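**Student:** Generate coordinates for the sequence data below:
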Amino acid sequence: TGEVAKMLNVNTTTIFRAIANKRLEAATTPGGHYRIPREALERFLKLNNVSSGRLRGSKRRVLIVEDNPAEQRLYERTLLGIDNVEVRSVASGYQAGFLTKSFEPDVLVLDLFLSEGDGRDVARLIRSEESMRTTKIVVVTGSSDETALAEIAAIGVDAVLRKPVEAAALREKIEELLPV
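**Tutor:** Numbering: from 1, shown residues only. Here you go, the predicted structure:
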């Protein structure tokens, strides 16, 4: 309860009252302490219109999934210039699948065609996971394959940027999609 109160910048009494009034679900340990499951806290935040980003602290997170090392570095340098943003990068859909769960990005910059894996599969994974449905997805692609672009649009990506991506355009789009 103290940790939750600290994360939300409220007094512990506020958290105890929420538990007592059955607005926040918590289990009681044999020692009489409360344990609040993460899922219960996320529901509580949603019901009270509080950003779940507060659970992770103040850093906003961007995950770059790009197999071209030069483009990956360009995206990293561009995004590290944004205030209060943590950036991580991987080169394959396989690595992205693992990292999205633990890193919980606010925005995913996703190459459509990866040497190891397909960006469409990564986008489907993000959209299928309840805990990641609010993650914004920006697809970067040099492809003009209309079928692939229609498929990615149907999955529900938030933006598509054509390669070569201009640093200013990438930064502008990410700043637009990042939570405040």
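**Student:** Name the nearest residue to T141, sequence neighbours excluded.
**Tutor:** Spatial nearest neighbour of T141, excluding adjacent residues (C-beta to C-beta, 6 or more residues apart in numbering): L112 at 3.8 Å. Placement of C-beta: from N, CA and C, glycine included.
**Student:** quick one: low-confidence parts of this protein?
**Tutor:** 9, 49-58, 180 (pLDDT under 70).
**Student:** Which parts of it are helices?
**Tutor:** Ranges of helices in the chain, per DSSP state H, are 2-8, 12-20, 38-47, 69-80, 93-103, 119-128, 146-155, 167-177.
**Student:** out of those, nearest to A26?
**Tutor:** helix 12-20 (4.7 Å; C-beta to C-beta).
**Student:** buried ones in the closest one?
**Tutor:** 15, 18-19 (16 or more other C-beta atoms under 10 Å).
**Student:** ok so, going back, just list the residues touching the residue nearest to T141, thanks.
**Tutor:** The contact partners of L112, by C-beta atoms under 8 Å, 6 or more residues apart in numbering, come to 118-120, 139-141, 143, 148, 152.
**Student:** switch the cut-off to 6 Å
**Tutor:** By C-beta atoms under 6 Å, 6 or more residues apart in numbering, the contact list for L112 reads 119, 139, 141, 143.
**Student:** Okay then, goodbye and thanks.
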